[in-house]
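Participant: predicted model follows, preceded by the sequence.
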Amino acid sequence: MQKLTRDQLAQRVARDIPEGAYVNLGIGLPTRIANYLPADKEVILHSENGLLGMGPSPAPGEEDPELINAGKERVTLLPGGSYFHHADSFTMMRGGHLDICVMGAYQVSAAGDLANWSTGAEDAIPAVGGAMDLAIGARKVYVMMDYLTKTGECKLVEQCSYPLTGLACVSRIYSDMAIIDITPDGPQVLELCPGLTFDALQALTPIRLLQSDLIPA
């Protein structure tokens, strides 16, 4: 089995973002997507700290200390881009003006519930940020995550045991092992990483998976 690397995963998500979409890229792994959006495709990237029209990461030596995303990473601004008060940014998020947001996750339930802001650990510093607003405000919520935790537990579960970010909000999961749609009938596997079979993925997953016609039996 050849799991997708983080950059390969970012490239894969970038392929599914349509022309003209307004997209928020969450803190961490999702920010890599900006580096793989084709220059000839118009995708308008939003950051909750008050940016619209972000571009890829700046080249070394060309960083602007006043241009950062919500994760405090240096970014670029494309022609026509703008920056504004974060209250206006949250109005965009809560008002349903974003087509897609991409976030990480600790857990996703079979019904599409999202837990991504706290594990409840005693030494954790919970910080939900704008995740709750994005989870309910974006038209589609995509999750990028490792399929298993570092201790080998599956992050796709029947019910989340961690504090929830949003209920029934996740549309699709992009993981290092598989791409899975959350459907009314249950999680449906669309693609598998090279060398992984559906049965092997099912054996790692504590809930029943549905098989798509897009992957081999």
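Facilitator: Yes, it's here.

Participant: now do the contacts for Ser161.
Facilitator: Residues in contact with Ser161 (Cβ atoms under 8 Å, 6 or more residues apart in numbering) are Gln107, Ala115. All C-beta spots, glycine's among them, are computed from the backbone N, C-alpha and C.

Participant: end to end, how far does stretch 131-148 reach?
Facilitator: Start-to-end span of stretch 131-148 (Cα to Cα, to the nearest Å) is 22 Å.

Participant: list the buried residues of it.
Facilitator: 131-135, 137-138, 140-148 (16 or more other Cβ atoms under 10 Å).

Participant: for stretch 186-196, same thing?
Facilitator: Here stretch 186-196 shows Pro187, Gln188, Val189, Leu190, Leu192, Cys193, Leu196 as buried, counting by 16+ other Cβ under 10 Å.

Participant: closest to Arg94 out of those?
Facilitator: Checking the buried residues of stretch 186-196 against Arg94 with Cβ to Cβ, the nearest one is Pro187 at 27.8 Å.

Participant: mind listing what the closest one touches?
Facilitator: Ala110, Leu156, Ile173, Ile180, Asp181, Ile207, Leu209, Leu210.

Participant: mind listing which of those are in strands?
Facilitator: Of the contacts of Pro187, the ones assigned to strands by DSSP state E are Leu156, Ile173, Ile180, Asp181, Leu210.

Participant: grab the nearest non-local neighbour of the last one.
Facilitator: So that's Leu210. Counting by Cβ to Cβ, 6 or more residues apart in numbering, Leu210 lies nearest to Gln188, which is 4.1 Å off, once chain neighbours are set aside.

Participant: now the fourth one
Facilitator: Using Cβ to Cβ, 6+ apart and skipping residues adjacent in sequence, the residue nearest Asp181 is Gln188, 4.8 Å away.

Participant: just the helices from the protein, written as ranges.
Facilitator: Here the chain has its helices, by DSSP state H, at 6-15, 86-94, 131-137, 198-204.

Participant: can you add mean pLDDT and distance to Gly71 and give those helices back as TSV?
Facilitator: Below are the helices of the chain laid out as TSV (pLDDT from 0 to 100; distance: least, Cβ to Cβ, whole Å):
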stretch	mean pLDDT	distance to Gly71
helix 6-15	96	14
helix 86-94	94	14
helix 131-137	94	12
helix 198-204	97	30
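
Participant: who wins for proximity to Tyr106 among those helices?
Facilitator: It is, among these and with distance given as Cβ to Cβ, helix 131-137, at 11.3 Å.
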